[in-house]
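**Q** Mind looking at a prediction? Sequence and model below.
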Amino acid sequence: MKYLVFALLILTAAAGSAAAQDYQPVTDQDEFLALIGDRSLTNRLYQLSLDVTADGQITGSAVGWQVTGSWSWQQGYFCREMNWGGDAIPYNCQLVEVAGDQMRFTTDQGAGDSASFRLR
């Protein structure tokens, strides 16, 4: 149930003002790491804050529950698995796109649902 709430929050976060911007794909790990730097992926409205580190770790929180996970870059996609407050979020490879300070992740290598975050 908590996973469903998290998914709904992420999908709702994607409906913000970033939809009007022109996103550009990020297909290279070095470019991704340069964009992320030491910034967090955030959505203040839904209390989402995630840190994606160069050593392959994901940490943060969403709606008051801890998020942990790991990621790798495979064939131009951000591939991750996470745990949110004790619930597993399955492995998935995602298309990454950027527009200004907005970063969008689209599941299933760009064929699935999208979520947008602000880089802070």
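**A** Structure's in. What do you need?

**Q** For the rest of this, base every contact and every neighbour count on C-alpha atoms.
**A** Will do.

**Q** Partner strands of the longest strand anywhere in the chain, with direction?
**A** In the chain, assigned by DSSP state E, the strand with the most residues is strand 87-99. Using DSSP bridges, the strands paired with strand 87-99 are strand 24-26 (antiparallel), strand 77-84 (antiparallel), strand 102-106 (antiparallel).

**Q** Please enumerate residues in contact with it?
**A** Under the contact criterion CA atoms under 8 Å, 6 or more residues apart in numbering, strand 87-99 has outside partners 2-3, 18, 21-27, 74, 76-83, 103-110.

**Q** ok, back up a step: kindly reformat the strands paired with strand 87-99 as TSV and extend each row with mean neighbour count.
**A** Listed next are the strands paired with strand 87-99 as TSV, based on neighbours: other CA atoms under 10 Å:
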stretch	mean neighbour count
strand 24-26	16
strand 77-84	20
strand 102-106	22
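
**Q** Let me know which of those strands is the nearest to Ser40.
**A** strand 102-106 (10.6 Å; CA to CA).

**Q** Which SSE is immediately downstream of that closest one?
**A** Downstream of strand 102-106, the first helix or strand assigned by DSSP states H and E is strand 114-119.

**Q** and that following strand with strand 87-99, angle?
**A** 70 degrees (axes from the mean of the first three to the mean of the last three CA atoms, to 10 degrees).

**Q** what is the rounded mean pLDDT of strand 114-119?
**A** Mean per-residue pLDDT for strand 114-119: 94.
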